[in-house]
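Enquirer: Next come a sequence and a model predicted from it.
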Amino acid sequence: MRVTVLGCSGSFAGPASPSSSYLVQADADGRTWTIVLDLGSGALGALQRHLSPDDLDAVVLTHLHPDHCVDVCGLYVSRRYRPAGPLPARLPVHGPTGTAERLQLMYHGLEPGGMEGQFVFRVVADAVPLRIGPFTLTPYAVNHPVEAYGYRVEADGAVLAYTGDTDDCDNLTPLLRGADLALTDSAFVDGRDDAVPDIHLSGSRAAAAAVRAGGVGRLVLTHIPAWNDPEVCRAQAASVWPGEVELARAGAVYEL
């Protein structure tokens, strides 16, 4: 399994990165299967540096805040209005309750029939796995002001855990346990954001959740807003995590 960071900036696109989006690929059945976890602001542009958006097998959304899903609107345009004509097969888009309605509201002036001509929308549920080619994805409901999920992605014996946006919660343990790579929200800073619960992890809380889960190989902090000093987030995680703490960066590739 190969994971490419398309965007890792928290809450809005930053000067060095689009918002949240992760390209996940694995080979099976004589071809490469490709999904994206989230498609936040600016991520569609970064995706095109790696492959044609026409070649996606699925989009999987953690939640419906724009920094995680708004570029699905651009993906719709690229599929519906391409010079060669609309793509004939509908692309699966997995996400929380109301995904279709929310995306269609974002797209002002959408023609009759909405996005259903290009996308087939599927609602995910807590701890109910879904299968996409060689991938088994298990959504875990997490602690955010809206319905939100982290995803545990398994293929070829490798495990990726992506928390999406969350504060600490019990479901982080089965989500993170034994992951080869853990992409963890680290938008908040200890001592600055302590009075704002149930939205985001800090570096130290992300590290504590990974330690509690056990067996995590690599801890990578992500969703760090442009107004944060990433080294502060790293240092706060390093005070808890026993190994190296890594920072996500746009364009980074992880082979699992």
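Expert: Thanks, I have the structure now.
Enquirer: pretty sure Glu255 contacts Arg2?
Expert: Yes: the pair Glu255 / Arg2 is scored as a contact, 5.6 Å apart, by Cβ atoms under 8 Å. C-beta here means a position set from N, CA and C on the backbone, and glycine is covered the same way.
Enquirer: Who has more neighbours out of those two?
Expert: Residue environment comparison for Glu255 versus Arg2 gives the larger neighbour count to Arg2, 16 against 9, counting by other Cβ atoms under 10 Å.
Enquirer: give me phi/psi at Val189?
Expert: The phi and psi torsions at Val189 (degrees, to the nearest 10) take the values phi -120, psi 130.
Enquirer: Between the two ends of stretch 61-78, what distance do you get?
Expert: Stretch 61-78 has an end-to-end distance of 19 Å (Cα to Cα, to the nearest Å).
Enquirer: Pull the strand or helix carrying Tyr151 out as PDB, backbone CA atoms only.
Expert: Under the criterion of DSSP states H and E, Tyr151 resides in strand 149-155. Extracted C-alpha coordinates of strand 149-155, given in PDB (Å, rounded to 0.1, in the frame of the first residue of the first chain):
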ATOM      1  CA  TYR A 149     -15.200   9.300  11.100                       C
ATOM      2  CA  GLY A 150     -11.600   8.200  11.200                       C
ATOM      3  CA  TYR A 151     -10.700   5.300   8.800                       C
ATOM      4  CA  ARG A 152      -8.600   2.200   9.300                       C
ATOM      5  CA  VAL A 153      -7.400   1.100   5.900                       C
ATOM      6  CA  GLU A 154      -6.000  -2.400   5.400                       C
ATOM      7  CA  ALA A 155      -4.500  -4.000   2.300                       C
END
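Enquirer: partners of it, with directions?
Expert: Strand 149-155 sits in its sheet next to strand 135-141 (antiparallel), strand 158-162 (antiparallel), going by DSSP bridges.
Enquirer: Determine the residues that are contacts of both of Glu255 and Arg2.
Expert: Overlap between the contact sets of Glu255 and Arg2, as judged by Cβ atoms under 8 Å, 6 or more residues apart in numbering, is nil.
Enquirer: so where do the helices sit in the stretch 51-200 of the chain?
Expert: Taking DSSP state H, counting those that start in this stretch as the criterion, the stretch 51-200 of the chain contains helices spanning 66-69, 72-80, 99-106, 172-176.
Enquirer: In contact with the nearest residue to His63 once chain neighbours are set aside, which residues are there?
Expert: The shortest distance from His63 to any residue that is not its chain neighbour, by Cβ to Cβ, 6 or more residues apart in numbering, is 3.7 Å, and that residue is Ala148. Taking Cβ under 8 Å, 6+ apart as the criterion, Ala148 is in contact with 62-63, 96, 141-142, 164-166.
Enquirer: again, but for Glu154
Expert: Here Glu154 is in contact with 135-138, 160 (criterion: Cβ under 8 Å, 6+ apart).
Enquirer: Make a ChimeraX selection of whichever of the residues you listed turn out to be buried.
Expert: Only the buried entries of these go into this ChimeraX selection, using 16 or more other Cβ atoms under 10 Å:
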select :135,137,138,160
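Enquirer: still on that earlier bit, would you reformat the strands paired with strand 149-155 as TSV and include distance to Tyr107 and mean pLDDT?
Expert: Putting those into TSV (distance: least, Cβ to Cβ, whole Å; pLDDT from 0 to 100) gives the following:
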stretch	distance to Tyr107	mean pLDDT
strand 135-141	25	99
strand 158-162	26	99
